[in-house]
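A.B. asks: sequence and computational prediction follow.
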Amino acid sequence: MPDLSRPTRVNRAYDLLRADILSNRLPPGFSAPEPDLAERLGMSRTPLREALIRLEHDGLVELVPRRGVRVLPMYPDDMREVYAILAALEPEAAAELALHNGDPGWLKPLEDAVGDMEAALEADDLDAWAQADDRFHRELVEMSSNRRLTEIVTGLYDQVHRARTLTLRLREKPVQSTREHREVLNGILDGKPRRVRKLFRAHRDRTAAELLAILETYHLLHL
């Protein structure tokens with residue numbers, strides 16, 4: 001009889017490990033034998049192995065023969081490529097929303113995300129701010145009608161999330177970033193795609209330069 005609980009156990013292992021990696025509870029460079037991870041999760045190695053293969057496909061870990069698994073470091077050059085792709089594609093998704101803004105009510109997910117960023121900033125809650133920031137970007141691309149663009153961009157967000165979590169408390173309070181998100185949203189609401197495209201590109205270029213500078217220092221310190 002087939003084990004009907006196996007997909008559930010695989011998904012559980014995947015979700016738990018992914019959350020630990022994205023939050024840096026399993027930091028870049030962390031390595032462990034598969035039996036140790038299986039014991040950590042309280043499950044057998046078979047579902048764990050399938051979960052690790054999925055995480056390797058996501059670009060978060062590498063499976064090392066006879067040594068187990070290693071959480072991939074965030075190399076500055078790799079992240080520079082990620083940010084370059086986002087700076088090229090995300091502004092197009094935002095500009096597309098400005099072209100089809102219509103009823104402003106359908107932009108409520110973006111309005112809520114920006115509002116939550118502003119509230120988190122006021123409360124000095126950086127973790128809540130990061131969650132709202134992540135939600136804004138994911139909601140924006142998912143609302144675009146370009147399926148392939150959405151697949152490409154959302155496939156990079158896990159790596160961006162790791163970088164943001166690592167650098168969140170190493171940079172200035174994200175006042176300017178919050179203001180820039182509000183400006184992008186206002187441009188979408190006003191139906192100004194060219195302005196939105198320009199604002200979003202400038203936002204990505206500025207934040208990428210800021211985060212990459214921190215990542216380069218971090219990488220040098222942990223060589």
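C.D. replies: Everything's here; your move.

A.B. asks: export the helix or strand hosting residue 117 as PDB, just CAs?
C.D. replies: Assigned by DSSP states H and E, residue 117 belongs to helix 108-122. Extracted in PDB, the C-alpha atoms of helix 108-122 (Å, rounded to 0.1, in the frame of the first residue of the first chain):
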ATOM      1  CA  LYS A 108      -5.700  47.200  -2.100                       C
ATOM      2  CA  PRO A 109      -3.100  44.500  -1.600                       C
ATOM      3  CA  LEU A 110      -0.400  47.000  -2.500                       C
ATOM      4  CA  GLU A 111      -2.000  49.800  -0.400                       C
ATOM      5  CA  ASP A 112      -2.200  47.400   2.500                       C
ATOM      6  CA  ALA A 113       1.500  46.400   2.100                       C
ATOM      7  CA  VAL A 114       2.700  50.000   2.000                       C
ATOM      8  CA  GLY A 115       0.500  51.000   4.900                       C
ATOM      9  CA  ASP A 116       1.900  48.100   6.900                       C
ATOM     10  CA  MET A 117       5.500  49.200   6.000                       C
ATOM     11  CA  GLU A 118       4.700  52.700   7.300                       C
ATOM     12  CA  ALA A 119       3.100  51.300  10.500                       C
ATOM     13  CA  ALA A 120       6.100  49.000  11.100                       C
ATOM     14  CA  LEU A 121       8.500  51.800  10.600                       C
ATOM     15  CA  GLU A 122       6.600  54.000  13.100                       C
END
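
A.B. asks: mind listing what's buried in that helix?
C.D. replies: Across helix 108-122, burial judged by 16 or more other CB atoms under 10 Å covers 110, 111, 113, 114, 116, 117, 118, 120, 121. Any C-beta I mention is one placed from the backbone N, CA and C, and that applies to glycine too.

A.B. asks: per-residue confidence averaged over the longest helix seen in the chain?
C.D. replies: For the chain, the longest helix by residue count, based on DSSP state H, is helix 193-221. Per-residue pLDDT over helix 193-221 has a mean of 89.

A.B. asks: quick one, helices of this protein?
C.D. replies: Per DSSP H, the chain carries helices over the ranges 6-22, 34-41, 45-57, 76-99, 108-122, 126-143, 147-154, 157-167, 175-189, 193-221.

A.B. asks: just checking, what packs against the fifth one?
C.D. replies: Helices and strands touching helix 108-122, by 3 or more CB pairs under 8 Å, 6 or more residues apart in numbering; DSSP states H and E, are helix 126-143, helix 175-189.

A.B. asks: those helices: which one's closest to residue 8?
C.D. replies: Residue 8 sits nearest to helix 126-143 of all the helices and strands packed on helix 108-122, at 24.8 Å, using CB to CB.

A.B. asks: who touches the closest one?
C.D. replies: In this structure, residues lying in contact with helix 126-143 by CB atoms under 8 Å, 6 or more residues apart in numbering are 90, 93-94, 97, 106-107, 109-110, 113-114, 116-117, 119-121, 149-150, 153-154, 157, 160-161, 164-165, 168-169, 173-174, 177-178, 181.

A.B. asks: hang on, the earlier thing: let me have the helices and strands packed on helix 108-122 in TSV, adding distance to residue 34 as columns.
C.D. replies: Formatted as TSV, those follow (distance: least, CB to CB, whole Å):
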stretch	distance to residue 34
helix 126-143	30
helix 175-189	39
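
A.B. asks: got these as TSV, with mean pLDDT, distance to residue 206 and mean neighbour count columns?
C.D. replies: Conversion of the helices and strands packed on helix 108-122 to TSV gives the following (pLDDT from 0 to 100; distance: least, CB to CB, whole Å; neighbours: other CB atoms under 10 Å):
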stretch	mean pLDDT	distance to residue 206	mean neighbour count
helix 126-143	94	14	18
helix 175-189	96	8	19
